[in-house]
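**Student:** Quick one, what's the 3D model for this:
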Amino acid sequence: LCQKQAGTKETVLETSIRMIRQYGLGYVFVDQSASLLSKVAFANSYATLAMSQKLRADVQAIAGAMNLTDEQREALSTLSVGSAVVRLADEHPEPFLVKIPRSPIREGSVTDSMIQARMDACSTKSAAEQPPLALSPVISDLPPADKKHESKRESVESHPPTPKESCQPIGSFRLRHDSEPPPEPLSRDAIRFLTDVATRPLS
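**Tutor:** As a prediction, this is how the structure comes out:
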């Protein structure tokens, strides 16, 4: 997923990066040259991990993707082996330093079949023999009796309180909307979106 020239058409892979989140899937991009990655990958990434960078273009790309200060940007080229800077979009928007333990692995000791067997328990497979999902039935309109009851309830709620009700203390009568269920909590994607809008409204 290389960076393209300005004005070129977006590739299918870049389009899928924007839309794949709604299917519960994600991408993992790994490259030694951060400046060669597409901006779409940086803009739609949740976790960004950067190790020591040498080229100025790579330092600038990582600093822009992780919102690093000038001091933090200069430190990217001085990281020791095994050290990395991590930024999480919503849980830890401020970048932090981690130390990665060394794990000596002999080349070729992990095969593709071992990885597939390991990941089978973490994902569901879609096969051609699986039956298609049943279509949800169409919801019919409200019957006339319900519509009449709904309009009557709205007219009652919109009517101003009587003098007797207005003289009563607030705690002495039950509010009209107490029977309504409490609002559902915001999802993780909604919180992440609102945080991004609040911190970078012009991006």
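
**Student:** neighbours of the closest residue in space to L79 that isn't next to it in sequence, just the number please.
**Tutor:** Nearest non-adjacent residue to L79, counting by C-beta to C-beta, 6 or more residues apart in numbering: S52, 4.0 Å away. (Each C-beta comes from the backbone N, C-alpha and C, glycine too.) Neighbours of S52 under the rule other C-beta atoms under 10 Å: 17.

**Student:** For S52, list the residues it contacts.
**Tutor:** Going by C-beta atoms under 8 Å, 6 or more residues apart in numbering, S52 touches 76-81, 83.

**Student:** any chance of these in JSON lines, plus secondary structure and neighbour count?
**Tutor:** Formatted as JSON lines, these follow (DSSP: H, G, I helix; E, B strand; the rest coil; neighbours: other C-beta atoms under 10 Å):
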{"residue": "L76", "secondary structure": "helix", "neighbour count": "21"}
{"residue": "S77", "secondary structure": "helix", "neighbour count": "13"}
{"residue": "T78", "secondary structure": "helix", "neighbour count": "9"}
{"residue": "L79", "secondary structure": "coil", "neighbour count": "15"}
{"residue": "S80", "secondary structure": "coil", "neighbour count": "8"}
{"residue": "V81", "secondary structure": "coil", "neighbour count": "8"}
{"residue": "S83", "secondary structure": "strand", "neighbour count": "14"}
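
**Student:** Which single one of the residues you listed is nearest to A117?
**Tutor:** V81 (31.4 Å; C-beta to C-beta).

**Student:** before we move on, back to that, wait, which of the contacts of S52 is closest to L194?
**Tutor:** Of those, the one sitting nearest to L194 (C-beta to C-beta) turns out to be L76, at 29.3 Å.

**Student:** quick one: that closest one from M51, how far?
**Tutor:** To M51, L76 is 9 Å away according to C-beta to C-beta, to the nearest Å.
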